[in-house]
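S.K.: Could you look at this predicted model? Sequence included:
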Amino acid sequence: MPVVRTLTRTVKRVLQSPVCGCQAVTSVRFIGFSPRQVTSDASFHSVSFSEADHPRVLITGGLGQLGVGLAKLLRKRYGNNNVILSDIRKPPDHVFHSGPFIYSDILDYKNLREIVVNNRITWLIHYSALLSAVGEANVPLARAVNITGLHNILDIAAEHGLRLFVPSTIGAFGPTSPRNPTPDLCIQRPRTIYGVSKVHAELMGEYYHYRYGLDFRCLRYPGIISADSQPGGGTTDYAVQIFHDAIKSGRFVCNLKPDTRLPMMYIDDCLRATVEVLEAPAESLTMRTYNINAMSFNPEELAQEVRKHLPELEVAYDVDAVRQAIGEYMVYGNRYNYWNLL
Ligand SMILES: NC(=O)C1=CN([C@@H]2O[C@H](COP(=O)(O)OP(=O)(O)OC[C@H]3O[C@@H](n4cnc5c(N)ncnc54)[C@H](O)[C@@H]3O)[C@@H](O)[C@H]2O)C=CC1
Ligand SMILES: CC(=O)[C@H](N)C(=O)O
């Protein structure tokens, strides 16, 4: 199934969402989705689960940008009570009332084990992390959450025979990684604690797979664009913030240079890819970690696209040196041996 690739379509999809609330900009009937493009609500190919054989899913770090959307999608497929969101933060009302939520700190091994045992968890989706910019601002905490926390997750998953999904990132590449295209298997020498911790996760997951038979699955996500959930402190956050600022104030200050081209993906496509990889038969996986890709653009191009809908948008640049340095290497090229969804 195709991923919605173009910047134009992504901008329309974000601006159409109730949260961005820019309904007047483009009427739905002019969007022109092809029938092959599906939203996260659609029921796509692959396995269908009966009441008896559905997975019991736990999502860690579920209150971030991606977890709530993934829970919604999985609950439609496996039933509301079979998908438990967890985090260390207090959930907003609409999340708390939409399905099971539980407190879980991934640094607390015994608490994690209790949750997995008491809830008969079979699939674990590990979203807790400190992202690239906040990770660089607090390296000890990023090391604890992204590395020590991951060790807890791996041990619990191996001990209880869970299927484990851990996302990696374009931040797992570095200055010596080949570009255009960047293969799934290549040199990875990132220079951020976030990138290093994600390479560590990829390698540890693969090691546990071969050593203990752990069903470890991983996709390297690009920067994710969403309308109704806020990003948690990454380098690609600007591509979400621009929509909110454009609508609220008509003015956006970008913390990356106008020509910083980064790989991005619309959230529905990311979540669909995640479910497809989660549900894929084990024998169809030839590797444990795959790149996924949709489109690449820079701040200037995104601003131009948003201006087609909100012509008054003013964009200024106040470059953040740390984010800019991180962004320089979050790059991979198009269409090369990544998870075959397109
Ligand atoms: N959003 C994106 O653009 C991308 C995300 N990813 C990965 O996807 C996953 C989810 O990303 P987002 O939802 O954007 O992250 P986020 O930063 O929005 O959310 C992370 C969540 O982890 C939680 N957390 C922090 N410390 C914790 C602890 N000790 N125990 C339990 N939870 C804890 C936070 O409270 C937060 O809700 C992350 O692993 C991230 O690295 C990868 C590439 C791109
Ligand atoms: C691409 C990512 O992993 C994340 N959005 C970040 O910018 O840190």
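M.R.: Looks like it arrived, so ask away. This structure is a prediction, so every number in the text was calculated from the model and none was measured. Ligands and ions are numbered 1, 2, ... in the order given.
S.K.: hey, let's count contacts and neighbours off CA atoms from now on
M.R.: Noted.
S.K.: For the closest residue to ligand 2 within the stretch 51-200 of the chain, give me phi and psi.
M.R.: The minimum distance from the stretch 51-200 of the chain to ligand 2, using CA to the nearest ligand atom, falls at Ser132 (3.7 Å). Per-residue torsions, Ser132: phi -60, psi -50 (degrees, to the nearest 10).
S.K.: Contacts only, for it.
M.R.: Ser132 makes contact with 171, 192-195, 233-235, 326, according to CA atoms under 8 Å, 6 or more residues apart in numbering.
S.K.: Near ligand 1, which residues of this structure? Just list them.
M.R.: 60-67, 87-89, 104-107, 127-131, 145, 167-169, 221-224, 231-232 (CA under 6 Å from any ligand atom).
S.K.: how about the helices in the chain?
M.R.: Along the chain, the segments classed as helices by DSSP state H run 7-16, 67-78, 93-96, 109-118, 132-137, 139-143, 149-159, 193-212, 238-248, 267-279, 299-307, 321-327.
S.K.: in the lowest-mean-pLDDT helix or strand in the chain, what counts as buried?
M.R.: Sorting the helices and strands of the chain by mean pLDDT, DSSP states H and E puts helix 7-16 at the bottom, at a mean of 88. Neighbour counts over helix 7-16 (16 or more other CA atoms under 10 Å) mark 7, 9-16 as buried.
S.K.: Next: stretch 118-127.
M.R.: For stretch 118-127, using 16+ other CA under 10 Å, the buried residues are 121-127.
S.K.: was I right about Val139 contacting Ile193?
M.R.: Yes: judged on CA atoms under 8 Å, Val139 makes contact with Ile193 at a distance of 6.5 Å.
S.K.: Comparing the two, which shows the higher neighbour count?
M.R.: Neighbour count, other CA atoms under 10 Å: between Val139 and Ile193, Ile193 has more, with 25 against 15.
S.K.: Once you drop chain neighbours, what's closest to Met223?
M.R.: Wrong residue type there; residue 223 is Gly, not Met. Using CA to CA, 6 or more residues apart in numbering and skipping residues adjacent in sequence, the residue nearest Gly223 is Met264, 4.5 Å away.
S.K.: who touches that neighbour in this structure?
M.R.: Met264 touches 222-225, 293-297, counting by CA under 8 Å, 6+ apart.
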